[in-house]
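In: Next one to model:
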Amino acid sequence: MSKPPRRVAQVVRLRPEHEAEYRRLHQEVWPSVLKTLTAAHITNYSIFLRDGLLFAYFEYTGDDYAADQARIAADPQTRRWWQLTDPCQQPLDSAARGELWVHAEEVFHLD
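Out: Numbering: from 1, shown residues only. Below you'll find the predicted structure:
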């Protein structure tokens, strides 16, 4: 029996003046970015928007989360993608310096 996936939730603010651009970018995510995410064992990935807050959820099915996150961060196409999406985002007050998306704590789950 395989282990259950690691559930990951993250949040960041969306700059209101960039909402249309952010939506447009995510209507046609680059295939190379999707391929990198899949190779890093990211599945069931969704991003939601409410009142200027972006909420991302994905499941991680690999064995070394840190290494796979580093692989994503090292990918040149993903880095180019982030050059387009990062200016659309504003970190929460609780984010560490240089951090955009912050992890949200899971307080309830029902299978």
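In: Low-confidence stretches in the protein?
Out: Where the chain drops to pLDDT under 70, the residues are 1.
In: Okay, helices next: where are they in this protein?
Out: Ranges of helices in the chain, per DSSP state H, are 19-27, 31-39, 65-74, 76-85.
In: could the ones you listed be laid out in CSV, adding mean neighbour count?
Out: Quick note: C-beta positions are derived from backbone N, CA and C, even for glycine. Output for those, formatted as CSV (neighbours: other CB atoms under 10 Å):
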stretch, mean neighbour count
helix 19-27, 13
helix 31-39, 15
helix 65-74, 13
helix 76-85, 14
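In: quick one: which of the ones you listed is nearest P4?
Out: Nearest to P4, of all the helices of the chain, is helix 65-74, at 14.0 Å by CB to CB.
In: who does the closest one touch, helix- and strand-wise?
Out: Counting contacts by 3 or more CB pairs under 8 Å, 6 or more residues apart in numbering; DSSP states H and E, helix 65-74 packs against helix 31-39.
In: and the helix it packs on with helix 65-74, angle?
Out: With axes from the mean of the first three to the mean of the last three CA atoms, to 10 degrees applied, the angle from helix 31-39 to helix 65-74 works out at 170 degrees.
In: And helix 31-39, what does it pack against?
Out: Secondary-structure packing of helix 31-39 (3+ CB pairs under 8 Å, 6+ apart): helix 65-74, helix 76-85.
In: And these: which comes nearest R24?
Out: So among the helices and strands packed on helix 31-39, helix 76-85 is nearest, using CB to CB, at 10.0 Å.
In: helices or strands next to that closest one in the packing?
Out: The helices and strands touching helix 76-85, judged by 3+ CB pairs under 8 Å, 6+ apart, are helix 19-27, helix 31-39.
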